[in-house]
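Chemist: Could you look at this predicted model? Sequence included:
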Amino acid sequence: MTDPRATGLWISAGSARVLRWSPELSVRHRIDSTVPGRHRSTGRPPTESHPAGEGHRDEHMRTFFAQVSHVLPVDHDLLLLGDGEVVEHFAELVRADDKSHGRTRRIEVERSGQITERQLLARVRTFAGSPARRQALR
């Protein structure tokens, strides 16, 4: 049996935290996005002559997803966590890329609110089949 290797990712439109884990090493990355927030207006609704501006936001999101994808190892199983639909869209992108390159790996998606780095590490270790040993209090 090979050593477990897994990468956990917590992603939102504002940032991503990547944690690559193996029994020997863990590597952490934080990537801040330049995706503008959604503009909420009480003014008139978007029309053809007055567009909503989502195209600009989508372009920022594609760039952000490319930055995050670049740091994910292609030989690790992936645990993708995040709030909202961002994590779902990112998972679709990774699965499509894996399919186009003939890669097969386990990819799990969980919706999650903001979590700490320690919580992400614990989730990744459990996902990899190597949960941390608990010590009894004395």
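Modeler: Great, that's in hand. Here the structure is a predicted model, which is why all the values come from computation and not from measurement.

Chemist: Name the residues that touch the helix or strand of the chain with the lowest mean pLDDT?
Modeler: Of all regular secondary-structure elements in the chain, judged by mean pLDDT, DSSP states H and E, the least confident is helix 54-71 with a mean of 85. Outside of helix 54-71, the residues within contact range by Cβ atoms under 8 Å, 6 or more residues apart in numbering are 9, 11, 13, 16, 18, 29, 31, 33-36, 38, 86, 89-90, 93-94, 97. All C-beta atoms are positioned from the backbone trio N, CA, C, and that covers glycine.

Chemist: what does stretch 87-105 give?
Modeler: Defining contact as Cβ under 8 Å, 6+ apart, one finds that stretch 87-105 is touched by 9, 11, 61, 65, 68-69, 72, 74-78, 80-82, 107, 109-111.

Chemist: Can you give me the buried ones in it?
Modeler: 87, 90-91, 94 (16 or more other Cβ atoms under 10 Å).

Chemist: quick one: low-confidence parts of the protein?
Modeler: 1-3, 37-55, 133-138 (pLDDT under 70).
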